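Visitor: Pasted the sequence and its predicted model underneath.
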Amino acid sequence: MPEKSLETAAPQATHPLKNAFLDECVRVKVANILPLKISRSAVKESLKYQQILASIQDVGLVEPPAVTPVPGRAGHYFLVDGHLRIEALKDLGELEVDCLVATDDDTYSYNKRINRLSAVQSNKMIVRAMERGVSAERLGKALGLAPETIKQKFRLLNGICAEAISLLGDTDCPANVFHLLRQMKPLRQIEAAELMIGNKNLSVLLAKALLAATPSDQLVVPRAPQPDQQISAESIARLERELAALQMQIKTVEEGYGPDVLHLTVIKGYLAKLLANAAVVRWLARHQPEYLKEFQSIAELKELPWGIDELSSALKEHV
């Protein structure tokens, strides 16, 4: 048999990456930077603004503002990100500032897609600074925080196992949650962290509930026995198992919820279009009146009053 020649597929065209910023910062007059939004006067009384102001006073500007050129006005720029920093520079009497020049007028990424420091990352930053000899007083002055607060952040992860830190490292977990986790043994810390992440709930309230549901033998300091305790350890263990089972059910529903709603929306639209045909309605009324009633109730839905399972079963029964 003659060998068949294999045709090689043409290589797909590749699009070169586009830089989001110029390679170098540009020195810009503060007066030539035009904000895209007007800050409220009360913002200067906020803790965040005071921290930014204190940081610039003590160590200078750490993160340059992001700007984009104003079309047709040389030397003038729209302020994309860093409104509070610019306000602080104005209050400090600065006339010029180094800026990152963005190649695209995009403010959505800065408002919604910027990763801020988590509690774990903030702890690592403070630990590294203090290991290099920076005092808590100087850090507190630079960050606008009391030295006692800096010391608390320094000790934030004491007693937390590495696995739990890794799980919560990139989340916006409140610092008070770590104080509650510290009262648990390492395996329970990991279990609690996984439960909070799985439920997409990193609140202090949930952490307190998990701590209360933790058996005494999984606590660093076991609870004192209470003879009049109404809830037994077996009941707590059963609740934990039910919570884990419920979590698995939630994950299963989340995976199928989107496709199910899409299918139901398409079915609803199709039935509405079908019932707009008078001939179809007359035929159904004459031969299948029970189907017509159900089709009309589905087509007239404004929202889903039932659960997905109930509505799907109703459709399967009547379609």
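Guide: That came through, no problem.
Visitor: what about the helices in the stretch 151-300 of the chain?
Guide: Taking DSSP state H, counting those that start in this stretch as the test, the helices found in the stretch 151-300 of the chain are 162-168, 175-181, 186-198, 204-212, 233-275, 278-287, 289-299.
Visitor: Return the set of buried residues in the second one.
Guide: Buried residues in helix 175-181, defined by neighbour count with 16 or more other C-beta atoms under 10 Å: Ala175, Val177, Phe178, His179, Leu180, Leu181. Every residue, glycine included, has its C-beta placed from N, CA and C.
Visitor: My read is that the second one contacts Lys208, right?
Guide: No. Taking contact to mean C-beta atoms under 8 Å, the distance of 9.2 Å between Val177 and Lys208 leaves them out of contact.
Visitor: circling back: can you lay out the helices of the stretch 151-300 of the chain as CSV showing distance to Ile33?
Guide: Compiled in CSV, those are given as follows (distance: least, C-beta to C-beta, whole Å):
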stretch, distance to Ile33
helix 162-168, 37
helix 175-181, 34
helix 186-198, 40
helix 204-212, 39
helix 233-275, 43
helix 278-287, 64
helix 289-299, 55
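Visitor: Lowest average confidence across these, which one?
Guide: Lowest mean pLDDT within the helices of the stretch 151-300 of the chain: helix 233-275, a mean of 80.
Visitor: what's it packed up against?
Guide: Packing partners of helix 233-275 (3 or more C-beta pairs under 8 Å, 6 or more residues apart in numbering; DSSP states H and E): helix 186-198, helix 289-299, helix 308-318.
Visitor: Now do the longest one: distance to the chain's middle.
Guide: Its chain's C-alpha centre and that of helix 186-198 lie 18 Å apart, by C-alpha atoms, centre = their mean, to the nearest Å.
Visitor: Ok, the second one next?
Guide: Taking C-alpha atoms, centre = their mean, the mean C-alpha location of helix 289-299 is offset from the chain mean by 42 Å.
Visitor: Enumerate the positions of that helix that are buried.
Guide: Leu292, Glu294, Phe295, Ile298, Ala299.
Visitor: how about the CA coordinates for it, as CSV?
Guide: Once non-C-alpha atoms are left out, helix 289-299 reads as follows in CSV (Å, rounded to 0.1, in the frame of the first residue of the first chain):
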residue,chain,number,x,y,z
PRO,A,289,-54.9,20.2,28.3
GLU,A,290,-52.9,19.1,31.3
TYR,A,291,-49.7,19.7,29.2
LEU,A,292,-50.9,23.1,28.2
LYS,A,293,-51.5,24.2,31.8
GLU,A,294,-48.0,23.1,32.8
PHE,A,295,-46.4,24.7,29.8
GLN,A,296,-48.1,28.0,30.5
SER,A,297,-47.0,28.0,34.1
ILE,A,298,-43.4,27.4,33.1
ALA,A,299,-43.5,30.0,30.3
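Visitor: tell me the domain ranges of this protein?
Guide: By the assignment in the TED database, the chain contains the domains 21-102, 117-156, 159-221, 253-307.
Visitor: can you put these in a markdown table and add distance to Gln247?
Guide: Converted to a markdown table, these look like this (distance: least, C-beta to C-beta, whole Å):
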| stretch | distance to Gln247 |
| --- | --- |
| domain 21-102 | 35 |
| domain 117-156 | 23 |
| domain 159-221 | 5 |
| domain 253-307 | 11 |
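Visitor: quick one: Val97 is in a helix?
Guide: No. Under DSSP: H, G, I helix; E, B strand; the rest coil, Val97 sits outside any helix and is assigned strand.
Visitor: any idea how far it is from Ile236?
Guide: 57 Å (C-beta to C-beta, to the nearest Å).
Visitor: now swap in Gln189 and tell me
Guide: Distance, Gln189 to Ile236, using C-beta to C-beta: 17 Å.
Visitor: okay, these two: which has more neighbours?
Guide: Set side by side, Gln189 and Ile236 show more neighbours around Gln189, with 27 against 15, by other C-beta atoms under 10 Å.
Visitor: nearest residue to that one other than its sequence neighbours?
Guide: Spatial nearest neighbour of Gln189, chain neighbours left out: Ala164 (4.2 Å); criterion: C-beta to C-beta, 6 or more residues apart in numbering.
Visitor: again with Ile56
Guide: Take Ile56 and drop its neighbours on the chain: the residue closest to it by C-beta to C-beta, 6+ apart is Ala88, 5.4 Å away.
Visitor: Tell me, how many residues neighbour the residue nearest to Arg182 when sequence neighbours are not counted?
Guide: In this structure, Arg182 finds its nearest non-sequential neighbour in Gly159, 4.1 Å apart by C-beta to C-beta, 6+ apart. Neighbour count of Gly159, defined by other C-beta under 10 Å: 15.
Visitor: List the buried residues in stretch 187-195.
Guide: Arg188, Gln189, Ile190, Glu191, Ala192, Ala193, Leu195.
Visitor: can you pull the contacts of the closest residue to Leu143 other than its chain neighbours?
Guide: Sequence neighbours aside, Gln51 is the residue nearest to Leu143 in space, at 5.7 Å (criterion: C-beta to C-beta, 6+ apart). Shown in contact with Gln51 (C-beta atoms under 8 Å, 6 or more residues apart in numbering): Leu143, Gly144, Leu145.
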